[in-house]
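J.: here is my input; please provide its structure:
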Amino acid sequence: MKICQHLQQAVDMPANTPQGCEECLASGSRWVHLRKCLSCGHVGCCDSSPNKHATAHYKEGGHPVIASFEPGEDWRWCYVDSVIG
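T.: This next block holds a predicted model:
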């Protein structure tokens, strides 16, 4: 099993926009599921959403770890190492 330093070092930041995806809220778009960046608290929509803002945030900013921002889900994903934790 691969050990991921990014997952081990990630700190849970408060959500910037707890009501939904930052970019979708600004543009009036819709989302399917939400993901929160553990580096800065950005809330973005998942890759099943039309705009895929969580992955775009990683590609633009390089913040490696997101967490599900869905009620009842408790998992994290490292983009760099493609590992779930």
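J.: list the contacts for Val43?
T.: The contact partners of Val43, by C-beta atoms under 8 Å, 6 or more residues apart in numbering, come to 15-18, 20-22, 34-37, 69. All C-beta atoms are positioned from the backbone trio N, CA, C, and that covers glycine.
J.: state the distance from it to Tyr58.
T.: 13 Å (C-beta to C-beta, to the nearest Å).
J.: do the same with His42
T.: For His42, the distance to Tyr58 - C-beta to C-beta - is 9 Å.
J.: show me what the helix ranked longest in the chain is packed up against.
T.: Taking DSSP state H as the criterion, the chain has its longest helix at helix 53-61. Applying 3 or more C-beta pairs under 8 Å, 6 or more residues apart in numbering; DSSP states H and E, one finds that helix 53-61 makes contact with helix 22-27, strand 34-37, strand 43-45.
J.: anything in contact with each of Val43 and Tyr58?
T.: By C-beta under 8 Å, 6+ apart, the residues touching both Val43 and Tyr58 are Cys37.
J.: where does the chain dip in pLDDT?
T.: In the predicted model of the chain, residues 1-2 satisfy pLDDT under 70.
J.: switch the cut-off to 80
T.: Where the chain drops to pLDDT under 80, the residues are 1-3.
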